[in-house]
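*Asks:* Sequence first, then the predicted structure:
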Amino acid sequence: MARGSRLESTDFGTLSRRAPGEAGDLAFRRFCTPRLSERRSEDHRKLVERARPLLRGADRMSVPTRHGPVEAYVLEPAAASAHTNVLIAHGWTSEAAFMALFAEQLRRAGFRAVAFDQPGHGRSRREQASLVDCTRALIDVAAALGPFRFVVAHSMGCLAALLAGCGGPPFGDPVPFERYVLVSSPNRFSDVTDEFAVEVGLDPIAYRAFIRRIERVAARPLAAFRADRLLLETGRSALLLHARDDREVLFARSEEIAAACPGAELVAFDGFGHRMILSAPPVVRRAVLYLSEV
């Protein structure tokens, strides 16, 4: 059986009981395959077809990273002198085009905006990518096309941006972002892994094997993947934008981050959910205003 078909067809409940170590390893590979994620919307391809033309005016380039080349999109500022550079990081199962409204409005406000397709996403190569892979790619893009003072990130991209901003094993020196705009950010990565384990039917022993694989790749315990702790470690300020009706990443997660971090400001919205928030003009305007204030 081909690897891809096995990832799709495995009965993890049965395999967990028979060979929990193998189940944990296979679950990790499925977890790192964006196209198989339950978080990917059913109309993903239609959304892609609608979104990609929005970046037609960007300068496209292939950026080499430790996990293969990724596609980057550079929008030069409309004004003669730019405020600064802003890096834009999309979320899991998404791609740069879904962040196009942020990129365009930042360009119009005088920023140089750079978005990119994470490994395993959009036009970038590879079928699989972990959060560690995405963080390394973000660091490599920042080094190649920066420096960047600011970063705008959505969902799992928020954790990647914060991990890059903290640095340390296995990422190296921190990327010195001065401000973060975190849209629909999760707080504890363990919430995501717990949800995945329930979805595929991992039993407790196989789940521990799955988590050990994550921790080996990350060179840190799962508990270290917390947005509130990472933001505190950076010592920087952040604007948190989140819809109260978000069903994928609960609004309470941003409330937790804001409560733990004195430098975090939380702005709530209604009616935009987890994905529509990326194309909501009042959300984008609030992000641009926050970065323009510096």
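*Replies:* Cool, the structure landed.
*Asks:* Find the nearest non-adjacent residue to the most centrally placed residue in the chain, please.
*Replies:* Centroid-nearest residue in the chain: Gly157, 1.6 Å away (criterion: CA atoms, centre = their mean). Nearest residue to Gly157, sequence neighbours excluded (CB to CB, 6 or more residues apart in numbering): Ala89, at 3.6 Å. Heads up, the C-betas are built off the backbone N, CA and C, glycines and all.
*Asks:* For the residue nearest to the centre of the chain, give its distance to Glu215.
*Replies:* Separation of Gly157 from Glu215 (CB to CB, to the nearest Å) stands at 21 Å.
*Asks:* helix or strand for the residue nearest to the centre of the chain, which one?
*Replies:* Per DSSP states H and E: Gly157 is located in helix 156-166.
*Asks:* Who are the packing partners of that helix?
*Replies:* For helix 156-166, the packing partners by 3 or more CB pairs under 8 Å, 6 or more residues apart in numbering; DSSP states H and E come out as strand 85-89, helix 131-145, strand 150-154, strand 179-183, helix 227-234.
*Asks:* and it with strand 85-89, angle?
*Replies:* 130 degrees (axes from the mean of the first three to the mean of the last three CA atoms, to 10 degrees).
*Asks:* and helix 156-166, how far from the chain's centre?
*Replies:* Distance of helix 156-166 from its chain centroid, counting by CA atoms, centre = their mean, to the nearest Å, is 7 Å.
*Asks:* returning to what we had before: quick one, which of the helices and strands packed on helix 156-166 is nearest to Phe111?
*Replies:* Closest to Phe111 of the helices and strands packed on helix 156-166, according to CB to CB: strand 85-89, at 4.9 Å.
*Asks:* what comes into contact with the closest one?
*Replies:* By CB atoms under 8 Å, 6 or more residues apart in numbering, the surrounding residues in contact with strand 85-89 are 96, 99, 102-103, 106, 111-116, 118, 138, 141-142, 145-154, 157-158, 160-161, 177, 291.
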